[in-house]
Every structure is written in structure tokens, then in C-alpha cells.
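Trainee: Provided below for reference: sequence and predicted model.
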Amino acid sequence: EDKVVQSPLSLVVHEGDTVTLNCSYEVTNFRSLLWYKQEKKAPTFLFMLTSSGIEKKSGRLSSILDKKELFSILNITATQTGDSAIYLCAGANYGGSQGNLIFGKGTKLSVKP
Amino acid sequence: NAGVTQTPKFQVLKTGQSMTLQCAQDMNHNSMYWYRQDPGMGLRLIYYSASEGTTDKGEVPNGYNVSRLNKREFSLRLESAAPSQTSVYFCATLPVSDTQYFGPGTRLTVL
């Protein structure tokens, strides 16, 4: 059975801290790993990773994939209160519908001023 | 360009009532999805549609039916609502690039 496991489930930090969120996956016919940020409404896309060892960056956020060890990390440096959200990780496979996504349960990040 | 839209945004039903959640997209994407999100459970796939006229079950299809009558619209129907179906429902599309676009969600409460 395909699964995606995120850790920690919740995290409280102070502004300025650096955080690392973890995502391990077991996905049949794996295609890519995606990260999303979910505040009060729908998830918004952050990164898609398909190749091992290539870091993707967007401002203070970065992410990398290890296809040998089957995990990904999401780093946030110099955290701000606006980074408070649930961060979702999902594995995409080559399903019959051009690909399905298997989501982890998310990491709830709280950034205190 | 509205992206993915869902109606209604909120709904309260009594056990046994039926309703249809509507989803529409204007991005010309082939694949559309319905998820439910419950506290501590993440996003779980209910049904998906690879293209107009085709639908397939996801992880948690029981108690739901779907309809993909055209490329734009994908509806989710609860024939006889149960309290266990209280959840937030998201519709999404998935273009080839894997960047999945979500609708704003429908918060459903079944009493």
C-alpha cells in the first residue's frame, strides 16, 4: 500500500529560527514529490521534485529529494509568523489518470513572534 | 480566469439528506479530483476523473458518487449523508506538470 509519512506532526518555533520538515514515501511507480502550504483554505503549491539531489529554492524555502532513501525535506530559514501553516507532502505516481497523489498527514508549523 | 471553483462554500445537512457539490475549472485540464480533508488525516482521494466521461474510485469512495459530464465540471454527490461525511471537501485539477490546483473547498456538516 502506498503511503507518505511526514514528521514532525506539529512544530512550534520562534521567528528567525530555521526549521526542517521531513517526508518519507513508499509510492509504487513513483513519479514526483510535491510540497504544499495550507493556511486557512486550499493548499497552494510550493515545489515539485523529480530528481535526486537537486535543490529547489524559493526565497527562504528550499527542498530536496533523495530517491535512494525515499525521503524529502523542506527547509525554511529565518522563519516569520506568516510561515505558520500546515505543510503537506505528496507522492505522485504513474496511475491510470496521468498520475495520482498520495498525501501525508501534514506538519503543522506555528511560528511565534 | 477563475481557476477551480466550488459551490457551495458551506453546507449543513441532516442525516439521510442528499446533496451535490459542484466543481468547475477553466484551465482546460483533463484530470479532476475530489478529496476530503479531516483533522489528523490529511487529504484523502474520494474519486478522480482522467478525462470527460471517465471516473475511478480513490481511497475512500463509499457513500459518494461522481459525474464528469464535460471537461469543465466534476460533481460529487452524497445520496444519503451520514455524520461520518462531515469534512472539508476539495476539488482539484492535475495538469501534466503535476502542479495541482485546488478549489477553495466546501465545509460540510452532517448532523
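Mentor: Here it is on my side, so go on.

Trainee: pLDDT wise, what is B:Asn1 at?
Mentor: With respect to pLDDT, B:Asn1 scores 58.

Trainee: Please read the previous query as pertaining to B:Glu52.
Mentor: Looking at B:Glu52, its pLDDT reads 89.

Trainee: Tell me who's in contact with the nearest residue to it once chain neighbours are set aside.
Mentor: Nearest non-adjacent residue to B:Glu52, counting by Cβ to Cβ, 6 or more residues apart in numbering or on different chains: B:Lys71, 4.8 Å away. Just so you know, the C-beta spots here come from the backbone N, C-alpha and C atoms, and that holds for glycine as well. By Cβ atoms under 8 Å, 6 or more residues apart in numbering or on different chains, the contact list for B:Lys71 reads B:Asn28, B:Asn30, B:Ser51, B:Glu52.

Trainee: Show the buried residues in these.
Mentor: Neighbour-count burial (16 or more other Cβ atoms under 10 Å in any protein chain shown) applied to the contacts of B:Lys71 gives B:Asn30.

Trainee: Closest one of the contacts of B:Lys71 to A:Glu15?
Mentor: B:Asn28 (41.6 Å; Cβ to Cβ).

Trainee: who touches the closest one in this structure?
Mentor: B:Lys71.

Trainee: So it lies in a helix, does it not?
Mentor: No: judged by DSSP: H, G, I helix; E, B strand; the rest coil, B:Asn28 forms no part of a helix; its state is coil.
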